[in-house]
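**Q** what follows is a predicted structure for the sequence shown.
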Amino acid sequence: MRWSLVGFVLRRVRSSLRQLLWSHLLTAGIMAMTLFVFGGFMLLETNLQKLLKGWGDQIQITAYLSNDMAADDVRDLIQRVQAMAEVERVRHTSQEQAWRDFQAALGTQSGLLDGLPREVLPASIDISLRPSYRDGPTVEPLAERLNKENGIASVEYPQEWIERLGLIVLVLEWIKWILAGVLFIATFFIVGSTIKLAVLARQDEVEIMQLIGASEELIQAPFVIEGMIQGLAGGALAIAGLGVAYALLQSEVAKMAGLFAPLDELRFLNLTSLGLLLGTGWLLGAVGSLVSLRRFLRTWHASSARA
Amino acid sequence: MIQLFHVGKTYPPDYRALTDINLEIPAGELVFIVGASGAGKSTLLKLLFREEEPSTGQILIAGKNVARLNRRGVARLRRTIGLVFQECKLLSSLTALQNVALAAEALGVSPRVSRIKAYQLLRELGLRERYDAKPLALSAGERQRVAIARALINEPTLVLADEPTGNLDADTADEIMRLLLRMRDRGATVIIATHDYGIIERYGTRVVSLRRGVVADHGIWSPTEGH
């Protein structure tokens, strides 16, 4: 496209934004509403992931150590385990510490331990796993490998809990993709219909441009650029709306009401998600405009041919 | 040169708007297509600017088969054609000057040059004082003159006018006709579809008469001797 035509397209966009301001605002508003729902879902998903991560952090393998291990051997063992790819961190609990922990756990009934030797509880290492290794098929062979390490007497891990968590993660992943798909398609159709109305309002312009011999690209370009601007504006409005909703949930009022105590730990969308929301708006605006305009042109050609 | 060979147009299911039209219109000629409503005048013009495709036959404009043009080809063809309709088809949000300049700007002419050309044309058409008015503030005759200015701004080699004087009083209709004749004198081929025989009597020239989609008569009209 020649520069003079680029200028022409930009002038058409500017003039349209000025003359049809309310129509553009309406389209951007509807896009903002649908993107708000989409963003709300992303926000929910982000916080669910955080919750799942919290649960995942609790998955640990406990390896009980032989009573006769020297301090150097324990240090070597910890280093070897720490070097394993699946392992995030290792925490050592000495026999003395294990005794104190058990006493504390028994609370008022700690007297039951009177008379028992302190060596009755073994020293152990608690092994936390990296997030991508917190599933049954990884934990089981790792536990077996640990069992074969010198100095480890036995290994324990919450097998049932790991399986349950794995199932929860899988179900949530599916729900996430199904909801995302449904929301995206719904958003696309709502935005498409809104843009179609905007195009219908400007059919005279399209018709005249065709009659004077303007190329298809030149006819479509202003609509696509306007769609992008509407999409970006819709995305920005949706983010602003989500920010307000997030702030309200975390406000002092909510805390005072005691309704949302756990929401103290809510997290807002990260930069990537915000970029994704803006990008989705931009893409929806551009593609929605192009598809609506092309569909309109096809219908218009067919109806004018019948006239 | 415009040539039509056995051109027919049938609309579904089986309405025959045009049947076996054979015509040859040399460049630089002014031709009236006359006939009652439904005779096929507008359909013939639509075939010429490829708004529609013929069901049968061939249309050649400057040697090119119009039916075989792709979308880009159609756009290129229309850049050489100036179109004038009875309903004017002006954008109500733009001024007269902007409406005319739009046609040049859309073909890559700079805004400044487009506006100068548009202003000159409007001045030539007697709209010097009305260039800044929007279509709703213009009279029917003024709107038609703006539409003609828009059709002429890209200096077309072919002007197609569909009932350009319909709804206009006799004086304004004469004014419009004089403009179209001026276009012919500048070398453009001008084809006017009309059912206004009064205009033909006053501006006698080549006339193609259509009746129910068929060429009923074809010849030169002389204002003094008749057909």
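**A** Noted; the coordinates are in hand.
**Q** using the three-state scheme, assign residue B:187.
**A** At residue B:187 the chain is in coil, as set by DSSP: H, G, I helix; E, B strand; the rest coil.
**Q** actually, residue B:132.
**A** Secondary structure of residue B:132, per three-state DSSP, is coil.
**Q** now do the contacts for the nearest residue to it once chain neighbours are set aside.
**A** Leaving aside its chain neighbours, residue B:132 sits nearest to residue B:95 (5.2 Å; criterion: CB to CB, 6 or more residues apart in numbering or on different chains). Any C-beta I mention is one placed from the backbone N, CA and C, and that applies to glycine too. By CB atoms under 8 Å, 6 or more residues apart in numbering or on different chains, the contact list for residue B:95 reads B:131, B:132, B:133, B:134.
**Q** in JSON lines: the residues you listed, plus pLDDT and distance to residue B:86.
**A** Conversion of these to JSON lines gives the following (pLDDT from 0 to 100; distance: CB to CB, whole Å):
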{"residue": "B:131", "pLDDT": "93", "distance to residue B:86": "23"}
{"residue": "B:132", "pLDDT": "93", "distance to residue B:86": "25"}
{"residue": "B:133", "pLDDT": "95", "distance to residue B:86": "20"}
{"residue": "B:134", "pLDDT": "95", "distance to residue B:86": "20"}
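**Q** closest to chain A out of the residues you listed?
**A** residue B:134 (11.6 Å; CB to the nearest CB).
**Q** I figured residue A:19 was touching residue B:91, is that so?
**A** No - judged on CB atoms under 8 Å, residue A:19 makes no contact with residue B:91 at a distance of 9.9 Å.
**Q** hang on, the earlier thing: can I get the buried ones among the contacts of residue B:95 as something I can paste into ChimeraX?
**A** ChimeraX command restricting the contacts of residue B:95 to the buried ones, with burial defined by 16 or more other CB atoms under 10 Å in any protein chain shown:
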select /B:131,133
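**Q** quick check: the farthest pair among the contacts of residue B:95?
**A** Spatially, the most separated pair among those is B:131 and B:134, at 11.0 Å (CB to CB).
**Q** find residues that contact each of the two.
**A** By CB under 8 Å, 6+ apart, residue B:131 and residue B:134 have these common neighbours: B:95, B:96.
**Q** how about the contacts made by residue B:2?
**A** B:23, B:24, B:25, B:48, B:59, B:60, B:61, B:158, B:189, B:191 are the contacts of residue B:2 under CB under 8 Å, 6+ apart.
**Q** so which of those sit within strands?
**A** Per DSSP state E, strands hold the following members of the contacts of residue B:2: B:23, B:24, B:25, B:59, B:60, B:61, B:158, B:189, B:191.
**Q** partners of the third one in the sheet?
**A** As for beta bridges, residue B:25 partners with residue B:2 under DSSP bridges.
**Q** who in chain B is up against chain A?
**A** B:11-12, B:49, B:51-52, B:71-72, B:75-81, B:83, B:89-93, B:102-103, B:105-111, B:150, B:154 (CB under 8 Å from any CB of the partner chain).
**Q** can I get the buried part of those as one PyMOL selection?
**A** Applied in PyMOL, the following selects the buried portion of the residues of chain B next to chain A according to 16+ other CB under 10 Å:
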select buried, chain B and resi 49+51+52+75+77+78+79+80+81+83+89+90+91+93+102+103+105+106+107+108+109+111+150+154
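**Q** what about the residues of chain B next to chain A, which are in strands?
**A** B:11, B:81, B:83.
**Q** could you look up the SS state of the residue in the stretch 51-200 of chain A positioned nearest to chain B?
**A** Minimum separation of the stretch 51-200 of chain A from chain B (CB to the nearest CB) falls at residue A:198, amounting to 14.2 Å. Under three-state DSSP, the three-state class of residue A:198 is helix.
**Q** can you report how many residues lie near it?
**A** Using other CB atoms under 10 Å in any protein chain shown, residue A:198 has 23 other residues around it.
**Q** distance of it relative to residue B:124?
**A** 37 Å (CB to CB, to the nearest Å).
**Q** residue 177: helix or strand, and which one exactly?
**A** If you meant another chain, say so; for now it's chain A. helix A:159-201 (DSSP states H and E).
**Q** the intended chain is chain B.
**A** Using DSSP H and E, residue B:177 sits within helix B:170-185.
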